[in-house]
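Enquirer: My questions are about this predicted structure, shown below with the sequence.
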Amino acid sequence: MLAAFGCVTVLATDARRTVAPSGVAELHPPDALEDLLPRADFVILTVPHTPATEGFFNRAASSA
C-alpha cells in the first residue's frame, strides 16, 4: 500500500512469506531487521502485542 502513496522503495520483513507482495521491493526474514533499519526513513510495525513481541522494537533498535 505504501507504494501507492509514492514511497519509492518499500523494504519488509515477514516470518511466513517468501515472495514479496506487490509494492514491496525487498522482502527479508525478521532476523534481517537490524540490518534494514539504517536504510529506513520510516518504520511501520504491524505485529501483535504478545509476550513474544514485547520489547521487539526498542529505543536501541530505533536509533540504529
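Expert: Right, received. Where do you want to start? Residues are numbered from 1 along each chain as shown.
Enquirer: only C-alpha atoms for contact and neighbour calcs from this point on.
Expert: Fine.
Enquirer: Can you show me the strands along this protein?
Expert: Secondary structure of the chain (DSSP state E): strands at 11-13, 26-28.
Enquirer: helices or strands up against the first one?
Expert: Think strand 11-13. strand 26-28 (3 or more Cα pairs under 8 Å, 6 or more residues apart in numbering; DSSP states H and E).
Enquirer: got the buried residues for the strand it packs on?
Expert: Buried residues in strand 26-28, counted by 16 or more other Cα atoms under 10 Å: 27-28.
Enquirer: List the single closest residue to the residue positioned nearest the centre of the chain in space, sequence neighbours excluded.
Expert: For the chain, A12 is the residue whose C-alpha lies nearest the centre (Cα atoms, centre = their mean; 4.2 Å). Closest residue to A12 apart from its sequence neighbours, by Cα to Cα, 6 or more residues apart in numbering: L27 at 4.9 Å.
Enquirer: is it true that the one you found touches T9?
Expert: No - in this structure L27 lies outside contact range of T9 using Cα atoms under 8 Å: 11.2 Å.
Enquirer: Show me where this protein has its helices.
Expert: Shown for the chain, the helices assigned by DSSP state H span residues 33-36, 59-62.
Enquirer: Which of those helices comes out lowest on mean pLDDT?
Expert: Within these, confidence is poorest for helix 59-62, with a mean of 62 (mean pLDDT).
Enquirer: tell me which helix or strand of the chain sits lowest on mean pLDDT?
Expert: Across the helices and strands of the chain, mean confidence by mean pLDDT, DSSP states H and E is lowest for helix 59-62: a mean of 62.
Enquirer: State the phi and psi torsions of the residue lying farthest from the centre of the chain.
Expert: Here the chain reaches farthest from its C-alpha mean at P51, the gap being 19.2 Å by Cα atoms, centre = their mean. When read as degrees, to the nearest 10, the backbone of P51 gives phi -60, psi -30.
Enquirer: I appreciate the help and will end here.
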